[in-house]
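Enquirer: below: sequence and its predicted model.
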Amino acid sequence: MLGWLLQRVAQALLVIVAMSLVVFLGMHAIGNPADILLAPDATQADRAELIAQLGLDRPLWQQYLSFAGSALQGDLGRSFVYNVPAVTLILQRLPATLELAIAATAFSVIFGVPLLFFVLTGRVERKLWLPLAGIFLLGGLQGAIGWWMVSSGLEARTDVSQYRLATHLVTACLIFAACMWFMRALSPHSNEPPPTRYSAKLAGLIAFMALFQIYLGALVAGLDAGLSYNTWPLMDGAVVPSDLFIQSPAWINFFENPKTVQFVHRLGAYAIFIVVAINMIVSLRAAPQTTHARRSVVLFVLVLIQAILGISTLLLHVPLDLALAHQGGALVVFGFAIANWRGFYGELPRQTSIVVRD
Ligand code: HEM
């Protein structure tokens with residue numbers, strides 16, 4: 001055990017030295033670091049002075065050794081952007097980094113270790129290897145997107161960018177959708193035929209509409225667009241409010257104008273509501289008493305509750321508990337929409353099956 005531990009520590013040290021060398025040499029490979037730091041109007045004298053001040057005129061190996069020596073004593077130099085010690089900046093970001101590292105490790109342990117165990121012991125069918133590995137990789141990608149999102153709130157602004165928030169939420173939804181899809185595929189299905197030949201396509205459309213609505217919701221939350229125009233059904237005193245395209249170019253209003261973003265989120269909700277209502281009426285009339293018809297009713301009720309939650313969140317000026325219930329409700333709607341969609345394609349054929357005789 002001790003030998004293994006020492007071996008791992010030695011490996012880690014080797015990786016740190018190798019990485020520091022790569023970064024150090026990489027920085028010099030793209031030119032003299034002084035040129036990156038100097039203002040465009042700096043003179044040759046300014047340049048020479050900075051090079052001498054930073055010791056950039058010494059041979060490269062000497063520069064690396066003096067950097068490594070200071071690093072060993074806990075001095076990583078000063079940040080040129082913030083003009084504070086680099087260690088202070090690293091420590092400031094440490095809690096968020098640790099949170100992310102712990103969450104990512106927990107995810108990989110909870111999902112990855114059992115997956116590997118079941119694959120190695122032959123308990124997972126071959127055709128599921130790729131989809132399950134894909135879900136695992138999406139989880140890793142989500143970790144990176146999460147950091148990209150959080151970092152947008154660490155620099156010039158104190159909140160995160162609405163674009164990155166939306167990307168993060170949509171990726172989370174895709175992982176969730178993939179889990180729901182395969183879970184539903186592996187569970188028992190009824191043999192009842194779909195109510196109409198369009199039912200499966202309509203179910204897919206509803207799932208995509210729910211995902212798009214979630215994307216719009218993330219833009220609303222990211223822009224704090226729910227804190228203004230807190231009336232319903234009218235918005236700013238009208239069904240279709242004015243100044244929806246006040247920013248230029250016009251398309252930017254769909255992403256950056258809180259009024260337009262909130263209005264489009266409302267329109268998206270009305271559209272989903274109408275489609276799930278039609279889906280329910282058609283299913284109940286064409287195939288009453290079937291599992292497909294029952295699912296269409298559940299979906300309608302879930303969207304209705306979600307719309308009521310959204311309207312209440314808006315009218316009450318976004319209290320945290322309601323906003324969270326609305327966000328969680330969106331996942332319930334979306335998860336059910338995915339399971340409903342997969343429900344039309346029958347159970348995934350098994351490579352092996354167990355026949356129980358009595
Ligand atoms: C199927 C219907 C709906 C879905 C799936 C949905 C989905 C979402 C999601 C996922 C978010 C939050 C994203 C985040 O926090 O990152 C959100 C935010 C929001 N939604 Fe909806 N929504 C729906 C209907 C509505 C309706 C009808 C209204 C009001 C007219 C509404 C008002 C809001 C408001 C005000 C927020 C911002 C809350 C905040 O700032 O935290 N939503 N929506």
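Expert: Structure received. This one's a predicted model, so the numbers in the text were calculated from it and none came from an experiment.
Enquirer: can you pull the contacts of the residue in the stretch 51-200 of the chain that the ligand sits nearest to?
Expert: Nearest to the ligand in the stretch 51-200 of the chain, going by C-beta to the nearest ligand atom, is Leu169, at a distance of 5.1 Å. Placement of C-beta: from N, CA and C, glycine included. Residues in contact with Leu169, defined by C-beta atoms under 8 Å, 6 or more residues apart in numbering, are Ile214, Tyr215, Gly217, Ala218.
Enquirer: among these, which one has the most neighbours?
Expert: Neighbour counts for the contacts of Leu169 peak at Ala218, which has 25 neighbours (criterion: other C-beta atoms under 10 Å).
Enquirer: hang on, that residue in a helix?
Expert: Yes. Ala218 forms part of a helix when assessed by DSSP: H, G, I helix; E, B strand; the rest coil.
Enquirer: now it: closest residue in space that isn't a chain neighbour?
Expert: Spatial nearest neighbour of Ala218, excluding adjacent residues (C-beta to C-beta, 6 or more residues apart in numbering): Ala166 at 3.8 Å.
Enquirer: just give me the neighbour total for that neighbour.
Expert: Neighbour tally, Ala166, other C-beta under 10 Å: 21.
Enquirer: quick one: pLDDT of it?
Expert: What the model reports for Ala166 is a pLDDT of 86.
Enquirer: what's near enough to touch it?
Expert: Tyr215, Ala218, Leu219, Gly222.
Enquirer: picking that back up, out of the contacts of Leu169, which is nearest to Phe254?
Expert: Nearest to Phe254 out of the contacts of Leu169 is Tyr215 (C-beta to C-beta; 11.1 Å).
Enquirer: is whichever strand or helix holds the closest one positioned near the ligand?
Expert: Secondary structure assignment for Tyr215, by DSSP states H and E: helix 199-222. Yes. Counting by C-beta under 6 Å from any ligand atom, the ligand has neighbours in helix 199-222: Ala210, Gln213, Ile214, Gly217, Ala218, Val220, Ala221.
Enquirer: neighbours of the residue nearest to Arg78 when sequence neighbours are not counted, how many?
Expert: Of all residues not flanking Arg78 in the chain, Pro85 sits nearest, at 5.8 Å (C-beta to C-beta, 6+ apart). Residues near Pro85, counting by other C-beta under 10 Å, number 15.
Enquirer: my read: Pro85 touches Gly74, true?
Expert: No. Using C-beta atoms under 8 Å, Pro85 is not in contact with Gly74; the gap is 9.6 Å.
Enquirer: now do the shared contacts for the two.
Expert: With C-beta under 8 Å, 6+ apart, Pro85 and Gly74 have no common neighbours.
Enquirer: what residues does the stretch 151-300 of the chain put near the ligand?
Expert: Residues of the stretch 151-300 of the chain lying near the ligand (C-beta under 6 Å from any ligand atom): 165, 169, 210, 213-214, 217-218, 220-221, 226, 232, 265-266, 269, 272.
Enquirer: on that earlier part again, could you give me the buried positions within the helix holding Tyr215?
Expert: 199-200, 202-207, 209-211, 213-222 (16 or more other C-beta atoms under 10 Å).
Enquirer: now stretch 133-148
Expert: Ile135, Phe136, Leu138, Gly139, Gln142, Gly143, Ile145, Gly146, Trp147.
Enquirer: ok, Ala330 to Thr231 distance?
Expert: 22 Å (C-beta to C-beta, to the nearest Å).
Enquirer: again with Leu169
Expert: 26 Å.
Enquirer: over to Trp129?
Expert: If you go by C-beta to C-beta, the gap between Trp129 and Thr231 works out to 52 Å.
Enquirer: which residues touch the residue nearest to Gly143 when sequence neighbours are not counted?
Expert: Leaving aside its sequence neighbours, Gly143 sits nearest to Ala104 (C-beta to C-beta, 6+ apart; 4.4 Å). By C-beta under 8 Å, 6+ apart, the contact set of Ala104 is Gly139, Gly140, Gly143.
Enquirer: now the angle between helix 199-222 and the helix or strand harbouring the second one, please.
Expert: When elements are defined using DSSP H and E, Gly140 is found to belong to helix 126-151. Between the axes of helix 126-151 and helix 199-222, defined by axes from the mean of the first three to the mean of the last three C-alpha atoms, to 10 degrees, the angle is 20 degrees.
Enquirer: and helix 126-151, average pLDDT?
Expert: 82.
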